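whatever this is, show me its structure:
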Amino acid sequence: MTMIVTLIVAAVTFGTVLMFGTLGEILTEKSGNLNLGVEGIMYMGGAFGLAGAFYYEKAAGLEASGALAIIIAILSAFAAGMVASLIYSFITVTLRANQNVTGLALSIFGTGIGQFVGEFMRVSEGGYVALSNNLKDSFSQTIFPSFLVNIPVIGRILFSHTIFFYLAVILAILMHIFLTKTKRGLYLTAVGESPAVSDAAGINITRYKYLATVIGGGISAIGGMVYIMTTAGCVWNHEGLSGVGWLAVALVIFVMWRPLNAIWGSVLFGAMMIMYLRVSIPFIPTELYKILPYIVTVIVLVLTSMRNSRDKQPPASLGINYFREER
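Okay, the predicted model is just below:
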């Protein structure tokens, strides 16, 4: 039982990173934009999030507040993701360039920017960039009192996680309500399904695509920051982020573009990604463990395609640029 609880807690820790990346991409794809640059966006979020908290502590010294450091890290990562996604939106929505090519270019660009910022901090600070132990605890500790955490089994599963997990869950619920219960959310869904019909109905296609993509990119970038600040221990680690963005894109397909499904789907993918560390089988190579999420995604994609159910398919205009002149 202890091993199972430990696996669940570790899966939630890694799954939180994926949840932010997935929720951001779901919002983007609901507008019909297929942003394959999530990998680069999360790199930028990790680098700028750490930079924001690090330079804040450097300026504030011993008076640095853990809560303020968390807010600054979130805002810094969100801003970096927004800027990267704004570039993507301008190229694909305004200039109408190919979305797949632009997304891949953004992935390379964002990875390079993140690497540059991380290495710049490392070199300028003499080879080591990390927050103090006090601020590290603010990012890694739970927000619940110890008596809840110490409840047998349930305590660790429900109350031992960082604030970022609970923020991600709240975000998933709010996004579900927005997309299914509000007029603006239904307009956004309509834009992703049929931009021509939406345009004819008077909906501003460009505005909805820009806002969904830019805000979605900012949310995905927070996932990169969460990885650096929790799993990586508030120390810049470019290797740990490799592949996380692509996993988030695969997870969007796995959860069928539904924000609420991203909650359990992220934890499941997190468990599959770290299972080789907790449940080691001698004759199974580590690489096979790491490709499990992608194999499961392909199986789900095939099964949903065979069912031919409209509500389990991607937005009809996903990845297709809208030309108003062809309406």
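
host element of the closest residue to residue 93 other than its chain neighbours?
Closest residue to residue 93 apart from its sequence neighbours, by CB to CB, 6 or more residues apart in numbering: residue 209 at 4.9 Å. C-betas here are computed from N, CA, C, even on glycine. Here residue 209, judged by DSSP states H and E, is contained in helix 205-226.

mind listing what's buried in the next helix or strand after that helix?
Once the chain leaves helix 205-226, the next helix or strand it forms, by DSSP H and E, is helix 244-254. Under the neighbour-count criterion of 16 or more other CB atoms under 10 Å, helix 244-254 has 244, 245, 246, 247, 248, 249, 250, 251, 252, 253, 254 buried.

would you reformat those as CSV and include distance to residue 260?
Below are these laid out as CSV (distance: CB to CB, whole Å):
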residue, distance to residue 260
244, 21
245, 22
246, 23
247, 19
248, 16
249, 19
250, 18
251, 13
252, 13
253, 16
254, 13
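
farthest-separated two in those residues?
244 and 253 (15.8 Å; CB to CB).

which strands and helices sit next to the helix or strand that residue 105 is a member of?
In this assignment (DSSP H and E), residue 105 forms part of helix 99-124. If you count contacts as 3 or more CB pairs under 8 Å, 6 or more residues apart in numbering; DSSP states H and E, helix 99-124 packs onto helix 38-60, helix 66-89.

can you say which of these is nearest to residue 25?
Of all the helices and strands packed on helix 99-124, helix 38-60 comes closest under CB to CB, at 5.5 Å.

and the closest one, average pLDDT?
In this model, helix 38-60 has an average pLDDT of 95.

kindly report the same for stretch 96-104.
Averaging the model's pLDDT scores along stretch 96-104 yields 95.

just the buried positions in it, please.
Judged by neighbour count (16+ other CB under 10 Å), stretch 96-104 contains these buried residues: 99, 102, 103.

sort out which one of those residues lies nearest residue 58 for me.
Residue 58 has its nearest neighbour among these in residue 103, at 34.8 Å by CB to CB.

distance-wise, check the closest one relative to residue 9.
For residue 103, the distance to residue 9 equals 33 Å [CB to CB, to the nearest Å].

ok, residue 298 - how many residues close by?
13 (other CB atoms under 10 Å).
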